[in-house]
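Student: coordinates only, sequence not included:
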């Protein structure tokens, strides 16, 4: 038996739990899973936005989203009345959220909490890492799911610090705010490189795309953080807050700035991606492994990458000819896979 075959068989055994990140079956027996488009980061007049919660929610519903999460800074905006007005079973949902916000030595530390049971007070801290971890722990204490926001905003949170965080799986690989330095610079890596560093270190993280919208009344102002730039498609058995955050936690979603997929299939042997193509666009599908190495690139959809067994992880990215993109969450491969 070849060395590659032995490695692949070992990978199949170790990936028994990995396929849960992109399950082939519904999360609940008998409950068909659906894809729901949603935004996980936006602001209202309750913090530093320019519009009421009603106006913000209305924008997302009228622009084809199935859910939106209101994440005002250090403020838990009530969503009961908003859901009574705008919500509809399996059509649209407003989810509770809070952007827990503080600073350490002028470095802005922001961590979102999705679907908290109560307001989360910033817990303080003695370093960037300590403050961020305390925020994560406080969010968990409120029954919410944490997500690390825009690490390069203010050059606040380094890749090394992100690697050391515990009890969190989510971070923003793309943020639509014009001043968050997604691409890095001056020797600081961009967020995709940061993602691959984290995964290569052995820690599993999932990358989300968000708006971080603040201004809904300045649609032509390119200097303003506006809506409609980054979102997620979450696969869940129903459009309900707990189901959505559970899917986010297990990586059952993909992130996008405009590319929509037909399907994602992950097994112990391969990862397959199929695109909902647009006639005027062309596409590249990249399969990426340890240290950000492009393992394979395809120009046609669907595209499949068969695991060799020694990749550690494989994630995929779809690049569209007009600058749009989609990020597919990593699948662990082999004994050295992220946990």
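Tutor: Perfect, thanks for sending it. No experiment lies behind these values; they were computed from the predicted model shown.
Student: start to end distance for stretch 317-333?
Tutor: 17 Å (CA to CA, to the nearest Å).
Student: averaged pLDDT, that stretch. What do you get?
Tutor: Average pLDDT, stretch 317-333: 98.
Student: ok, now stretch 43-50?
Tutor: 98.
Student: end to end on it, go ahead and measure it.
Tutor: Terminal-residue distance, stretch 43-50 (CA to CA): 8 Å.
Student: what residues of that stretch count as buried?
Tutor: Under the neighbour-count criterion of 16 or more other CB atoms under 10 Å, stretch 43-50 has 43, 44, 46, 47, 49, 50 buried. All C-beta atoms are positioned from the backbone trio N, CA, C, and that covers glycine.
Student: which among the residues you listed gets closest to residue 261?
Tutor: Of all the buried residues of stretch 43-50, residue 261 sits closest to residue 43, with 28.2 Å by CB to CB.
Student: that closest one contacts residue 214, correct?
Tutor: Yes. Look at residue 43 against residue 214 with CB atoms under 8 Å: they come within range, at 4.8 Å.
Student: overlap in contacts of those two?
Tutor: Common contacts of residue 43 and residue 214, defined by CB atoms under 8 Å, 6 or more residues apart in numbering, comprise residue 49.
Student: residue 244 - that's part of a strand, no?
Tutor: No. Going by DSSP: H, G, I helix; E, B strand; the rest coil, the assignment for residue 244 is helix, not a strand.
Student: mind listing the helices for the stretch 51-200 of the chain?
Tutor: 53-62, 80-86, 128-141, 159-163, 191-200 (DSSP state H, counting those that start in this stretch).
Student: the second one - contacts with which helices or strands?
Tutor: Which is helix 80-86. In terms of contacts (3 or more CB pairs under 8 Å, 6 or more residues apart in numbering; DSSP states H and E), helix 80-86 is packed against helix 53-62, strand 93-104.
Student: pick the most deeply packed of the ones you listed.
Tutor: Sort these by mean neighbour count, taking mean count of other CB atoms under 10 Å, and strand 93-104 sits at the top with a mean of 23.
Student: quick check: angle from that one to helix 53-62?
Tutor: 120 degrees (axes from the mean of the first three to the mean of the last three CA atoms, to 10 degrees).
Student: ok and strand 93-104 relative to helix 128-141, angle-wise?
Tutor: Following the same axes, to 10 degrees, one obtains 150 degrees for the angle between strand 93-104 and helix 128-141.
Student: so how far is strand 93-104 off the chain centroid?
Tutor: Its chain's C-alpha centre and that of strand 93-104 lie 15 Å apart, by CA atoms, centre = their mean, to the nearest Å.
Student: point to the residue nearest the middle of this structure.
Tutor: Centroid-nearest residue in the chain, with CA atoms, centre = their mean: residue 208, separated by 1.6 Å.
Student: thinking again about what came up before, mind checking which of the helices and strands packed on helix 80-86 is nearest residue 72?
Tutor: strand 93-104 (6.6 Å).
Student: following the helix or strand of the chain with the lowest mean pLDDT, which helix or strand shows up next?
Tutor: Least confident element among the helices and strands of the chain, by mean pLDDT, DSSP states H and E: helix 3-14 (a mean of 38). Downstream of helix 3-14, the first helix or strand assigned by DSSP states H and E is strand 34-39.
Student: which secondary structure elements does that next one contact?
Tutor: Counting contacts by 3+ CB pairs under 8 Å, 6+ apart, strand 34-39 packs against strand 67-70, strand 231-236.
Student: okay, the ones you listed in TSV with distance to residue 317, mean pLDDT and mean neighbour count next?
Tutor: Formatted as TSV, the helices and strands packed on strand 34-39 follow (distance: least, CB to CB, whole Å; pLDDT from 0 to 100; neighbours: other CB atoms under 10 Å):
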stretch	distance to residue 317	mean pLDDT	mean neighbour count
strand 67-70	24	98	28
strand 231-236	15	98	24
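Student: okay, those strands in a markdown table with distance to residue 271 next?
Tutor: Putting those into a markdown table (distance: least, CB to CB, whole Å) gives the following:
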| stretch | distance to residue 271 |
| --- | --- |
| strand 67-70 | 26 |
| strand 231-236 | 15 |
